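got a structure for you, letters missing:
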């Protein structure tokens, strides 16, 4: 039960922005894991979760390796602001147009986000193809990419 609960915690924090232990306990309760805040606290400690900035002044739980990517957010925003020319979408693909020679850096920035919705990227000279796991997820990914440009 504990192992399943902790695996589910990892899935939840990958899919949702969870800011507090209470949110995590509530979410677990809604999914059939009756847990207290103290149990969640122990799980967080055992899983070695950390809090990372979300980019909008808030913090969320993440695995430590995700925290390293979160620290690059400001650098990525600069890359996007300085290089991005436009976004287009088709089915489960997003086409990111950049200044000539900038696509590899933009592709690397997108990859370092480690968003679960993105299967991967392919970068040319001035275009990055972003492969999204489902076409239903594309509008949300486009919105998040656009937010990096602001």
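Structure received. From a predicted model like this one, the values you see are computed outputs, not experimental measurements.

any idea of the pLDDT on the residue nearest the centre of the chain?
The centre of the chain sits closest to residue 115, judged by Cα atoms, centre = their mean, with a distance of 3.5 Å. Residue 115 is assigned 87 on the pLDDT scale.

Contact partners for it?
Counting by Cβ atoms under 8 Å, 6 or more residues apart in numbering, residue 115 touches 141, 144. Placement of C-beta: from N, CA and C, glycine included.

Please apply the same query to residue 79.
102, 105-106, 109 are the contacts of residue 79 under Cβ under 8 Å, 6+ apart.

Now do the phi/psi pair for it.
According to degrees, to the nearest 10, the main-chain angles of residue 79 amount to phi -60, psi -50.

from now on call the first residue 48
Shifting the count to begin at 48 puts that one at residue 126.

Tell me how many other residues surround the nearest residue to it once chain neighbours are set aside.
Closest residue to residue 126 apart from its sequence neighbours, by Cβ to Cβ, 6 or more residues apart in numbering: residue 156 at 4.8 Å. Around residue 156 sit 23 other residues, with neighbours defined as other Cβ atoms under 10 Å.

What are the buried residues along the host helix or strand of residue 156?
Secondary structure assignment for residue 156, by DSSP states H and E: helix 150-160. Neighbour-count burial for helix 150-160 flags 150, 152-154, 156-160 (criterion: 16 or more other Cβ atoms under 10 Å).

before we move on, what about stretch 123-131?
123-124, 126-127, 130-131.

Distance from that stretch to the middle of the chain?
17 Å (Cα atoms, centre = their mean, to the nearest Å).

before we move on, the earlier item: my guess is the residue nearest to residue 126 meets residue 129, correct?
No. With contact defined as Cβ atoms under 8 Å, residue 156 does not reach residue 129; the gap is 10.9 Å.

Could you list the low-pLDDT ranges of this protein?
Along the chain, the model assigns pLDDT under 70 to residues 112-121.

tell me the domain ranges of it?
49-117, 120-195 (automatic domain parsing).

Can you point out the buried residues in the lengthiest helix in the chain?
Counting residues, the longest helix in the chain under DSSP state H turns out to be helix 49-62. Judged by neighbour count (16+ other Cβ under 10 Å), helix 49-62 contains these buried residues: 52-53, 55-56, 59-60.

could you say which helix or strand contains the spatially closest residue to residue 96 that is not a sequence neighbour?
Closest residue in space to residue 96, ignoring its immediate chain neighbours: residue 108 at 4.9 Å, by Cβ to Cβ, 6+ apart. Using DSSP H and E, residue 108 sits within strand 106-109.
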